[in-house]
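Asker: Fold the stuff below for me.
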Amino acid sequence: MDLEKQRDVRAPEGEGCLVAAVRLPVRIVALVVVLPVRMLWDALVAAGRVVNDTVLRPVGRALLWLGRAVFVWPFVALWRYLLVPLGRALAWLVNVLVVVPSVWLYRYVLAPVGRGVVWVLRAVGVVVAAVGLGVYRGLAWLVNVLVVVPSVWLYRYVLTPVGRGVVWVLRAVGAVVAAVGLGVYRGLAWLVNVLVVVPSVWLYTWVLTPVGHAVLWCGRGVAWAVGVLVGGVGTVLYWVARVLLVLPALAVWRWVLVPVGRVCAVVGREVWDALGHAWRVAGHVSRAVGRFLVSLLRWTFVEPARWVYRSVLTPVGHLLRDAVLRPVAEAARSAGRAVRQVLASARASVRQARADVRRALLGAPEENRSAPPVPVRVPGTQGMRK
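Answerer: Predicted structure coming up:
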């Protein structure tokens, strides 16, 4: 059924005879090859699960418990019962020896002293500021009288007229120099135009331009000839390479490699599908074999052992428990109760004899003379539990 389903799902509509001829033999061979591998794989998986459940997990839990007992719990106990109390004791000592005295010193010594120093500094600052303001105002008046007023008078009535005269003289000299320089510039410009510009324009127009045109025309001709030659050689090489290399390679690709590749693709696809199908079928076969072995082991060992435990060992155990173990336990408990009562009576008798000897030698105390005698419990059938 699985084979038919896979064939219906994966088979395209236009399969050829090659696919039909390759599929069935490949799947048979793949099943024969894959079946032992799948059964070995399933056996290893089952063995791994059994080893994991019966060996690795208990060993891992034991190692985990051992690791906790060796590495975690000692450090936790060290932290909880040594470091934490020690840290709290150190914190208390630091608080008592350092923090509280420091706070007291700051609050009752340093803070009042600091406030007094600040008040004194403020008073001194006020006095110094008043004195400095007076000195500043006096110096400002002296500077104004001795420096500013004479400087303003000197600038206004001496330097300003002198500066204006110097500016007028410089303007006159500048006008004369500008007139002379403009004449010299115009003369030099006329000489440069006559001696340099006009001959250069004539040389460029009637000599250099025709020569340049001729050289450009010759270069264009040479470039066209070289282009035609190179194009012809390239065309010849292109057709030679096309005929000798491209067309044979294209023919090999189209008529050899493509069909071979398609055949290899069909074979590879069928082999892959056959391996997958064989792996699934081998899984069903391996599962059936495993169930058969499990059922055989169950009906061969487990069920007989269960029947022996349920039908033989359990009734025998119940019979031993009801007929032997329970009466023996009850007799042992009764003997223990009798021994405890005998020991209690002996202790009471010893205490009573010691009290009688003390009264006979020393006399009874005042508070115990009117007290009733202590009853002595004698072991018998009335005091024993049934």
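Asker: remind me, longest helix of this structure?
Answerer: helix 258-297 (DSSP state H).
Asker: buried sites along it?
Answerer: For helix 258-297, the neighbour count (16 or more other CB atoms under 10 Å) marks 266, 270-271, 273-275, 277-279, 281-283, 285-286 as buried. Yep, even glycine has a C-beta here, placed from its N, CA and C like the rest.
Asker: Make TSV from the residues you listed and add pLDDT and distance to residue 185 to it.
Answerer: Output for the buried residues of helix 258-297, formatted as TSV (pLDDT from 0 to 100; distance: CB to CB, whole Å):
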residue	pLDDT	distance to residue 185
266	78	97
270	78	101
271	80	100
273	82	101
274	78	104
275	80	102
277	79	106
278	79	107
279	83	105
281	83	111
282	79	110
283	80	109
285	82	115
286	80	113
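Asker: following the longest helix of the chain, which helix or strand shows up next?
Answerer: helix 303-308 (DSSP states H and E).
Asker: Extract the C-alpha set from the very next helix or strand once past that following helix and format it as PDB.
Answerer: Later in the chain than helix 303-308, the nearest helix or strand by DSSP H and E is helix 314-320. Coordinates of each C-alpha in helix 314-320 appear next as PDB, following Å, rounded to 0.1, in the frame of the first residue of the first chain:
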ATOM      1  CA  THR A 314       2.200 -14.200  47.000                       C
ATOM      2  CA  PRO A 315       0.000 -16.800  48.800                       C
ATOM      3  CA  VAL A 316       3.100 -18.400  50.400                       C
ATOM      4  CA  GLY A 317       4.200 -14.900  51.600                       C
ATOM      5  CA  HIS A 318       0.700 -14.200  52.900                       C
ATOM      6  CA  LEU A 319       0.600 -17.600  54.700                       C
ATOM      7  CA  LEU A 320       4.000 -17.000  56.300                       C
END
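Asker: Does anything pack onto helix 314-320? Which helices or strands?
Answerer: With contacts taken as 3 or more CB pairs under 8 Å, 6 or more residues apart in numbering; DSSP states H and E, helix 314-320 sits against no other helix or strand.
Asker: For it, the averaged confidence score.
Answerer: Averaging pLDDT along helix 314-320 gives 89.
Asker: How far off centre is it?
Answerer: In terms of CA atoms, centre = their mean, to the nearest Å, the centre of helix 314-320 is found 62 Å from the chain centre.
Asker: Contacts for it next, please.
Answerer: Contact with helix 314-320 is made by no outside residue, as judged by CB atoms under 8 Å, 6 or more residues apart in numbering.
Asker: do the same with stretch 324-331
Answerer: For stretch 324-331, there are no surrounding residues in contact (CB under 8 Å, 6+ apart).
Asker: can I assume residue 42 is in contact with residue 288?
Answerer: No - Residue 42 sits out of contact with residue 288 when judged by CB atoms under 8 Å, with a separation of 10.8 Å.
Asker: lowest-pLDDT helix or strand in this protein?
Answerer: Ranking every helix and strand in the chain by mean pLDDT, DSSP states H and E puts helix 2-10 at the bottom, with a mean of 43.
Asker: helices or strands up against the next helix or strand after that one?
Answerer: Where DSSP H and E defines the elements, the next helix or strand beyond helix 2-10 is helix 17-51. Other elements packing on helix 17-51 under the criterion 3+ CB pairs under 8 Å, 6+ apart are helix 258-297.
Asker: orientation of the helix it packs on relative to helix 17-51 in degrees?
Answerer: 40 degrees (axes from the mean of the first three to the mean of the last three CA atoms, to 10 degrees).
Asker: Next, format the buried residues of helix 258-297 as TSV and append distance to residue 106.
Answerer: Below are the buried residues of helix 258-297 laid out as TSV (distance: CB to CB, whole Å):
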residue	distance to residue 106
266	95
270	93
271	90
273	89
274	91
275	86
277	89
278	89
279	84
281	90
282	87
283	83
285	90
286	85
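Asker: in the stretch 51-200 of the chain, which spans are helices?
Answerer: Along the stretch 51-200 of the chain, the segments classed as helices by DSSP state H, counting those that start in this stretch run 57-67, 73-78, 84-94, 100-105, 111-143, 149-154, 160-192, 198-203.
Asker: Dump the C-alpha coordinates for stretch 119-131 into CSV.
Answerer: What follows is stretch 119-131 as a C-alpha-only set of coordinates in CSV (Å, rounded to 0.1, in the frame of the first residue of the first chain):
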residue,chain,number,x,y,z
TRP,A,119,30.5,82.8,59.9
VAL,A,120,34.1,84.1,60.6
LEU,A,121,34.9,83.9,56.9
ARG,A,122,31.8,85.7,56.0
ALA,A,123,32.5,88.5,58.4
VAL,A,124,36.1,88.8,57.1
GLY,A,125,34.8,88.7,53.5
VAL,A,126,32.4,91.6,54.2
VAL,A,127,35.2,93.7,55.8
VAL,A,128,37.6,92.9,52.9
ALA,A,129,34.9,93.7,50.4
ALA,A,130,34.2,97.1,52.0
VAL,A,131,37.9,98.0,52.2
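Asker: where does it sit relative to the chain's centre, distance-wise?
Answerer: 64 Å.
Asker: For that stretch, the averaged confidence score.
Answerer: Here the average pLDDT along stretch 119-131 is 89.
Asker: For it, buried residues please.
Answerer: Buried-residue list, stretch 119-131, by 16+ other CB under 10 Å: empty.
Asker: Please apply the same query to stretch 78-95.
Answerer: Buried-residue list, stretch 78-95, by 16+ other CB under 10 Å: empty.
Asker: which residues sit against it?
Answerer: With CB under 8 Å, 6+ apart, stretch 78-95 has no contacts at all.
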